[in-house]
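*Asks:* 3D, please:
(2 chains)
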Protein chains: 2
Amino acid sequence: MPRRKADRVAALPPRSVIGILGSGQLGRMLAQAASRIGFRTHIYAADSGPAFDVTGAHSVGGYDNLVRLDEFARAVDVVTYEFENVPVDAARHLITRVPVHPGPKALEVAQDRIAEKAFISDLGISVAPFAAIRTRDELGAARAALASWGTPGILKTARLGYDGKGQATVHALEEVDSAWRQLGEVPCVLEQRIAFAFEISVLVVRGQDGEMIFYDIPRNTHADGILRRSAVPSGVPAAFEERARTMAGRVADALSYVGVLAVEMFWLGPDAAQPLLVNEIAPRVHNSGHWTMDACAADQFENHIRAIAAWPLAPTTRHSEAEMVNLIGPEADAWLTLAAGPNACLHLYGKREARPGRKMGHVNYLKPGAGG
Amino acid sequence: MPRRKADRVAALPPRSVIGILGSGQLGRMLAQAASRIGFRTHIYAADSGPAFDVTGAHSVGGYDNLVRLDEFARAVDVVTYEFENVPVDAARHLITRVPVHPGPKALEVAQDRIAEKAFISDLGISVAPFAAIRTRDELGAARAALASWGTPGILKTARLGYDGKGQATVHALEEVDSAWRQLGEVPCVLEQRIAFAFEISVLVVRGQDGEMIFYDIPRNTHADGILRRSAVPSGVPAAFEERARTMAGRVADALSYVGVLAVEMFWLGPDAAQPLLVNEIAPRVHNSGHWTMDACAADQFENHIRAIAAWPLAPTTRHSEAEMVNLIGPEADAWLTLAAGPNACLHLYGKREARPGRKMGHVNYLKPGAGG
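*Replies:* A predicted model of the protein is given here:
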């Protein structure tokens, strides 16, 4: 049942404990933001990670360990998470003990590409044409759909894909079956490959009273399926950025969402039949919003914490043009050179090993004086 | 022996451990800044404090506990401190085990107002006229000095004064003796009370290679001996700000200083015989530099950590006009209202009890677009 405005939730006082599921860099940056405004933090994760270094309290436990989860719930005042693959059952269990934001509905939708695309389409929002392949029986219909759109298509596992993992390009109709076998015959979606100009993402913050604010929209560049750069301003004409915000806001409202929601979209250009298509949503703070750490008075992490703590949201005003560049794998080995870059704000996540494809940090390049 | 430029110190790599003496808000903000650029932190303090909430490792021990200090030294790669009253013996002990920045010389000078004023005067830098009262024997000379300056004067304990503690105003010559008794007959300095226009502070960052950079100079306002506000720009004419930086730089050089040094000065106006007088120095990050957290790409805490880690220093460029307002004692109880303030960046230190006079947090008010 959606909360009525009258049921105003009391803001959590300073020194309350923010519980965070996940010990990666997003959990780390959430904890850092929480501590800036006087909260304590407690990280819960299956494994040690960089977030453990910035918090006074952490628990190591599986997401199915109800005893450990209960201990965690007793130690915190609210729970949030840094990644969308938190098992929904864990969130559903925790919510019987302590508020969990964003709620399990957002997890359910975001964890399954089939559910996600259905949910978004049902809101009257455009997504790339797709066909679900849950079982072998649906292969034929998917091939027929691809024939109608034209090749190539992209086959994506419905669950647990990220940073380009769990995806295969399908260049010809007869490749659909083999690609599905290759991905393990798990439920998938086959999508039309969209000839978009570039990707953008809308970062919306929604409070417990339904208030919504938006950060400026970044233009995102990927390589090998991994985000490389996010730049603001995006270059999308203002009227279409406004349309993008409206689309993202509709998703956030429909989920009764609390916190930062990232809605990735393809920008096809002003003359396309559908200039903007939603690609996917992430019910969490997002890599494409890391530029907010240095270009805004309050960054995405602080506003996420404010939202889940029922605080007033902080303005998303941007004071500089900014470009965020991820440091992936051994790129972070150049830390000494990067640290000397002019107008470069360096962020390192304190990870032990610079494995290929691993996000080790990012740099925010600012153009001072070039405000929003 | 001063380090020659040839002995270039290697920069500490990410994941190195920054040891911080002191668990208060300055230690907390140092730890937060260190973690942003990929360092781990370890806090050492006699008592639990707000810095413990943002670090993965802490030790509780006295500053005379050599066993605990040795354990701490083994766990860290460099040591710094958040307050100038770290016992010099503790710093001298640690430095036999691990680099300590700023070095013990800065502590020695800053811990004793008599040594401090002598050190600064010996550099040819103006301070307020003063007379040392180490023992009863020096009371007569101090009275005579005050007679020559004219009343009122201020009597300050040579050691362990802060936030207006350990001070007494002397309105008449015959009050000198009673004020000294009142302060416990400990070594003191009697100073001429200067009719200054306002106080400023120079925040200089000095690297291990002797490079120096300066933040913009704030104008400081106190009440009841406690800093209330620091605002940039200061309003002091540029030529005099340049002179102030030169004075502060000379102090930093003379101390072979590494890190952020705050040099508080009185501004008497352009027509005064001595327009700028050094009041005192603080060998650490400083409350009057907290506005850098939101108005600069790299704040004083990050640059302090960069300096002690032998990293290149980051630009001190300011992108907005800013005013920092301290939240003292129960003022922080208004956190919910403060959190809703426009252009207000709220920082809370996570302290348990809002005792009168205790610094609980601060707000940085920004004027976007009004850069330096």
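
*Asks:* For the rest of this, base every contact and every neighbour count on C-alpha atoms.
*Replies:* Fine.

*Asks:* Just read off the phi/psi values of the residue positioned nearest the centre of chain A.
*Replies:* Centroid-nearest residue in chain A, with C-alpha atoms, centre = their mean: A:A282, separated by 3.2 Å. Per-residue torsions, A:A282: phi -130, psi 120 (degrees, to the nearest 10).

*Asks:* Quick check: bridge partners of it?
*Replies:* Taking DSSP bridges, one finds A:A262 as the beta-bridge partners of A:A282.

*Asks:* what sits against it?
*Replies:* Shown in contact with A:A282 (C-alpha atoms under 8 Å, 6 or more residues apart in numbering or on different chains): A:E84, A:A110, A:L261, A:A262, A:V263.

*Asks:* Try it again at 10 Å.
*Replies:* A:A282 sits next to A:82-84, A:106-107, A:109-111, A:203, A:260-264 when contact means C-alpha atoms under 10 Å, 6 or more residues apart in numbering or on different chains.

*Asks:* Residues of the stretch 1-150 of chain A that sit close to chain B?
*Replies:* Of all the residues in the stretch 1-150 of chain A, those in contact range of chain B (C-alpha under 10 Å from any C-alpha of the partner chain) are A:11-16, A:28-29, A:31-42, A:50-58.

*Asks:* can you list the weak-confidence ranges in chain A?
*Replies:* Low-confidence segments of chain A (pLDDT under 70): A:1-7, A:162-164, A:368-372.

*Asks:* Break it down into its domains, please.
*Replies:* According to automatic domain parsing, chain A comprises the domains A:17-110, A:129-192, A:198-367.

*Asks:* those strands in the stretch 51-200 of chain A, which residues are they?
*Replies:* When secondary structure is read from DSSP state E, counting those that start in this stretch, the stretch 51-200 of chain A shows strands at A:57-60, A:78-81, A:130-133, A:153-157, A:167-170, A:188-192, A:198-206.

*Asks:* Can you say which of those strands is nearest to B:E353?
*Replies:* Set against B:E353 and scored by C-alpha to C-alpha, these come closest in strand A:57-60, at 20.5 Å.

*Asks:* Tell me which other helices or strands that closest one touches.
*Replies:* Packing partners of strand A:57-60 (3 or more C-alpha pairs under 10 Å, 6 or more residues apart in numbering or on different chains; DSSP states H and E): strand A:17-21, strand A:40-45, helix A:66-75.

*Asks:* Hmm, A:G62 is touching A:D70, no?
*Replies:* No. A:G62 lies out of contact with A:D70 (C-alpha atoms under 10 Å); the separation is 11.9 Å.

*Asks:* Need the outlier residue of chain A, farthest from its centre.
*Replies:* Distance from the C-alpha centroid of chain A peaks at A:E174, with 33.5 Å (C-alpha atoms, centre = their mean).

*Asks:* Next up, the contacts around that one.
*Replies:* Taking C-alpha under 10 Å, 6+ apart as the criterion, A:E174 is in contact with A:R143.

*Asks:* Roughly how far does it sit from B:A142?
*Replies:* Shown here: A:E174 relative to B:A142, a distance of 99 Å by C-alpha to C-alpha, to the nearest Å.

*Asks:* before we move on, what about A:A339?
*Replies:* A:A339 is 51 Å from B:A142, by C-alpha to C-alpha.

*Asks:* just checking, A:L107 touches A:E82?
*Replies:* No. Using C-alpha under 10 Å, A:L107 is not in contact with A:E82, being 11.3 Å away.

*Asks:* Between these two, which contacts overlap?
*Replies:* Any residue near both A:L107 and A:E82 by C-alpha under 10 Å, 6+ apart counts here, and that gives A:A282, A:P283, A:R284.

*Asks:* which one of those residues is nearest A:R229?
*Replies:* Proximity of those to A:R229 (C-alpha to C-alpha) peaks at A:A282, which lies at 17.4 Å.

*Asks:* what separates the closest one from A:D112, distance-wise?
*Replies:* 11 Å.

*Asks:* Same check on A:H58?
*Replies:* For A:H58, the distance to A:D112 - C-alpha to C-alpha - is 29 Å.

*Asks:* ok, now A:D70?
*Replies:* As for A:D70, its distance to A:D112 is 27 Å (criterion: C-alpha to C-alpha).

*Asks:* Give me the more crowded residue out of those two.
*Replies:* A:D112 (20 against 15; other C-alpha atoms under 10 Å in any protein chain shown).

*Asks:* Dump stretch A:306-322 to CSV, restricted to CA.
*Replies:* Coordinates of each C-alpha in stretch A:306-322 appear next as CSV, following Å, rounded to 0.1, in the frame of the first residue of the first chain:
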residue,chain,number,x,y,z
ARG,A,306,19.0,11.8,3.2
ALA,A,307,16.1,10.1,1.5
ILE,A,308,16.3,6.8,3.4
ALA,A,309,16.7,8.8,6.6
ALA,A,310,13.5,10.9,5.9
TRP,A,311,15.6,14.0,5.8
PRO,A,312,14.8,17.0,3.5
LEU,A,313,16.6,16.4,0.2
ALA,A,314,19.5,18.7,-0.6
PRO,A,315,19.7,20.8,-3.8
THR,A,316,21.2,19.0,-6.8
THR,A,317,22.7,22.2,-8.2
ARG,A,318,25.8,21.7,-10.2
HIS,A,319,28.6,24.4,-9.9
SER,A,320,30.9,23.1,-12.7
GLU,A,321,31.0,21.2,-15.9
ALA,A,322,32.3,17.8,-15.1
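
*Asks:* any residue of that stretch up close to chain B?
*Replies:* Yes. Counting by C-alpha under 10 Å from any C-alpha, chain B is contacted by stretch A:306-322 at A:R306, A:W311, A:P312, A:L313, A:A314, A:P315, A:T316, A:T317, A:R318, A:H319, A:S320.

*Asks:* Report the buried members of those residues.
*Replies:* Taking 16 or more other C-alpha atoms under 10 Å in any protein chain shown as the criterion, what is buried in these is A:R306, A:W311, A:P312, A:L313, A:A314, A:P315, A:T316, A:T317, A:R318, A:H319, A:S320.

*Asks:* What is the most widely separated pair among the residues you listed?
*Replies:* Among those, A:W311 and A:S320 lie farthest apart (C-alpha to C-alpha), at 25.7 Å.

*Asks:* For A:S121, grab the count of nearby residues.
*Replies:* Using other C-alpha under 10 Å, A:S121 has 14 other residues around it.

*Asks:* And the nearest residue to it once chain neighbours are set aside, how far from A:V278?
*Replies:* Nearest residue to A:S121 in three dimensions, chain neighbours excluded: A:V127, at 6.6 Å (C-alpha to C-alpha, 6 or more residues apart in numbering or on different chains). According to C-alpha to C-alpha, A:V127 and A:V278 sit 5 Å apart.

*Asks:* between those two, who's got more neighbours?
*Replies:* Using other C-alpha under 10 Å as the criterion, A:V127 and A:V278 rank with A:V278 on top: 23 against 20.

*Asks:* Could I get the contacting residues of that one?
*Replies:* A:117, A:120-121, A:125-128, A:199-201, A:244, A:247-248, A:263-267.

*Asks:* Look up phi and psi at it.
*Replies:* Per-residue torsions, A:V278: phi -80, psi 130 (degrees, to the nearest 10).

*Asks:* Show me the beta-bridge partners of it.
*Replies:* A:V127, A:M265.

*Asks:* Reformat the strands of the stretch 51-200 of chain A into TSV and put distance to A:D333 and mean neighbour count next to each item.
*Replies:* Output for the strands of the stretch 51-200 of chain A, formatted as TSV (distance: least, C-alpha to C-alpha, whole Å; neighbours: other C-alpha atoms under 10 Å in any protein chain shown):
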stretch	distance to A:D333	mean neighbour count
strand A:57-60	28	19
strand A:78-81	29	26
strand A:130-133	40	22
strand A:153-157	32	25
strand A:167-170	29	20
strand A:188-192	37	25
strand A:198-206	28	26
